[in-house]
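>>> attaching a predicted model along with its sequence, questions to come.
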Amino acid sequence: MFEKVLIANRGEIALRVARACRELGIKSVALYSTADAESAVVRFADEAVHVGPPHPGKSYLHIPNVIGAALKTGADAVHPGYGFLSEDPFFAEICENNGLTFIGPRPEVMEKVGDKAVARDLMSKAGLPLLPGTIEPVQTVDEAQEIAASIGYPLIIKAVAGGGGRGMNVVYREEDLARLYQTTRTTAQAVFKDSAVYIERYLEAPRHTEVQLVCDDHGNGVYFFERDCSVQRRHQKLIEEAPSIHLSDEQRRDIGERAVNGALSVGYTGAGTMEFLLDGEGNLSFMEMNARIQVEHPVSEMITSIDLIQEQIRVAAGERLSVSQDEVVLRGHAMECRVNAEDPDRDFAPAAGRLDVYVPPGGPWTRVDSHCYPGWAIAPFYDSLIAKLIVWAPTRTEAIERMDRALSEFQIEGRGVKTTIPFHRRVLADERFRSGDVSTDFVEHFLAGEAEVAA
């Protein structure tokens with residue numbers, strides 16, 4: 001097992017990793033930018049190293065500073081959390097070259113699954129279902145037009161190196177194809193330094209379904225069931241729940257086994273997520289793989305009672321998975337609401353500031369993952385996440401009621417600070433949400449309906 005882990009991240013995930021390390025008897029090293037000098041993880045970790053000024057490019061994303069901090073403190077491993085450097089194969093390779101274990105997949109594997117065209121090809125060969133479309137990047141407008149003629153409209157053009165909802169455009173009409181093809185390539189080059197794109201059939205209102213898995217270095221893989229993440233705006237998730245109420249036990253087992261086999265087929269180790277789209281007929285199609293722990297991992301932990309961060313650390317240290325598939329039992333229903341410093345009434349515009357009041361909820365089966373406290377200033381340089389509120393209950397209906405109760409207790413106040421709490425409570429009261437009739441266009445229609453009533 002590792003003796004000391006450097007946490008190459010900030011905020012709630014940095015604190016989450018530090019806590020997992022403490023329980024495993026591992027010393028932790030926190031990084032902090034000038035803006036995060038008084039952060040909760042700096043106070044909690046065994047050591048803390050200043051990594052640069054507030055701008056991420058000069059601190060959390062500045063690889064020489066991050067590696068230097070690890071070597072200076074004698075860390076033997078680096079946990080990247082999510083975001084920042086978590087899916088950067090170049091960073092993982094530099095860690096290896098400096099004698100540091102990167103807590104995640106090997107650089108060459110990360111590179112494969114991070115390239116959406118390569119990942120689609122590999123997962124298709126491993127038996128995962130795909131939407132009609134291309135495997136290889138589309139090189140010209142003429143080629144794009146030939147593909148469109150064969151698979152039909154609507155279709156979506158996606159950046160091979162894309163992520164976070166960026167680098168994609170939906171094409172509804174033939175006359176828009178050439179323009180949007182060029183636009184997507186230009187955006188991909190500007191954002192991801194890679195202009196390659198691929199094309200696939202676009203599902204109008206799918207459900208976003210993802211399978212959580214962990215694989216070790218001994219050929220073992222386990223899935224921890226699936227999450228439904230359909231409540232999202234601009235491809236950014238707002239509410240996640242597990243399991244999906246739209247899958248049968250047979251579908252759940254089938255897609256879980258396929259996901260694990262797909263990961264093992266490319267030599268994947270560590271925690272990862274296979275993302276799928278679920279259409280109205282119950283068909284799942286592979287979309288992409290995330291080679292890291294995800295923001296919403298707590299809902300999977302709540303339905304399985306497995307600490308995924310600890311599993312991630314153990315397998316990176318060369319240990320076998322602590323559980324077999326037969327030992328992973330699904331119990332009840334869990335739900336997570338992302339409490340962001342945003343104003344939903346102004347198109348989720350950032351609304352950050354200093355927290356004068358911060359009182360998280362409590363009660364049975366109620367969990368809050370957060371780095372915030374009274375007096376903490378939410379910096380404008382980073383993600384707007386204040387807290388993740390997670391609840392568990394025997395049924396989905398009870399989980400909704402428990403979540404609403406917990407949200408009603410959550411007190412967050414500060415000059416200029418707005419949060420997504422009121423929005424979440426309105427969603428939980430909505431009949432369409434309560435019935436489970438939710439797809440990726442839910443938020444758009446929900447807000448449009450609210451605006452119509454207000455008018």
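Noted; the coordinates are in hand.

>>> relative to Ile378, how far out is Asp347?
From Asp347 across to Ile378, the span is 19 Å (C-beta to C-beta, to the nearest Å). The way it works is simple: take the backbone N, C-alpha and C, and place the C-beta from them, glycine included.

>>> these two: which is more packed in?
Neighbour comparison, Asp347 and Ile378: the larger count goes to Ile378, with 25 against 10 (by other C-beta atoms under 10 Å).

>>> what values do phi and psi take at the more buried one?
phi -80, psi 110 (degrees, to the nearest 10).

>>> what's the answer for Pro243, then?
Dihedral angles (degrees, to the nearest 10) for Pro243: phi -80, psi 180.

>>> list the contacts of it.
Going by C-beta atoms under 8 Å, 6 or more residues apart in numbering, Pro243 touches Phe225, Glu226, Arg227, Asp228, Arg252, Ile303, Leu330, His333.

>>> wait, doesn't the second one sit right on Ile245?
It refers to Glu226. No. Between Glu226 and Ile245 there is no contact under C-beta atoms under 8 Å: 10.7 Å.

>>> those two: which has the busier surroundings?
Comparing Glu226 with Ile245 by neighbour count (other C-beta under 10 Å), the higher total belongs to Glu226, at 28 against 13.

>>> buried stuff in the host helix or strand of the more buried one?
If you go by DSSP states H and E, Glu226 is part of strand 221-233. Neighbour-count burial for strand 221-233, counted by 16 or more other C-beta atoms under 10 Å, picks out 221-233.

>>> who does it pair up with?
Within its sheet, and counting by DSSP bridges, strand 221-233 is paired with strand 207-215 (antiparallel), strand 236-242 (antiparallel).

>>> ranking the ones you listed by burial, who's on top?
strand 207-215 (a mean of 25; mean count of other C-beta atoms under 10 Å).

>>> for that strand, what does the pLDDT average out to?
Strand 207-215 comes out with an average pLDDT of 98.

>>> just for the stretch 101-250 of the chain, where's the confidence low?
163-165 (pLDDT under 70).

>>> show me where it has its strands.
For the stretch 101-250 of the chain, strands defined by DSSP state E, counting those that start in this stretch occupy the ranges 101-102, 155-163, 166-171, 197-201, 207-215, 221-233, 236-242.

>>> and Gly11, how far from Arg292?
Gly11 is 15 Å from Arg292, by C-beta to C-beta.

>>> ignore what I typed, I meant Thr184.
Distance, Thr184 to Arg292, using C-beta to C-beta: 24 Å.

>>> wait, what's in contact with Ile313?
Taking C-beta under 8 Å, 6+ apart, we find Ile313 in contact with Phe2, Val5, Ala20, Cys21, Leu24, Ile26, Ala77, His79, Ile103.

>>> for the second one, give the beta-bridge partners.
To tie it back to what came earlier, the one meant is Val5. Applying DSSP bridges, one finds that Val5 bridges with Ser28, Ala77.

>>> correct me if wrong: it contacts Leu31.
No. Using C-beta under 8 Å, Val5 is not in contact with Leu31; the gap is 11.6 Å.

>>> circling back to that earlier point, so can I have a markdown table of the strands of the stretch 101-250 of the chain showing distance to Leu385?
Listed next are these as a markdown table, based on distance: least, C-beta to C-beta, whole Å:
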| stretch | distance to Leu385 |
| --- | --- |
| strand 101-102 | 24 |
| strand 155-163 | 17 |
| strand 166-171 | 18 |
| strand 197-201 | 30 |
| strand 207-215 | 19 |
| strand 221-233 | 14 |
| strand 236-242 | 10 |
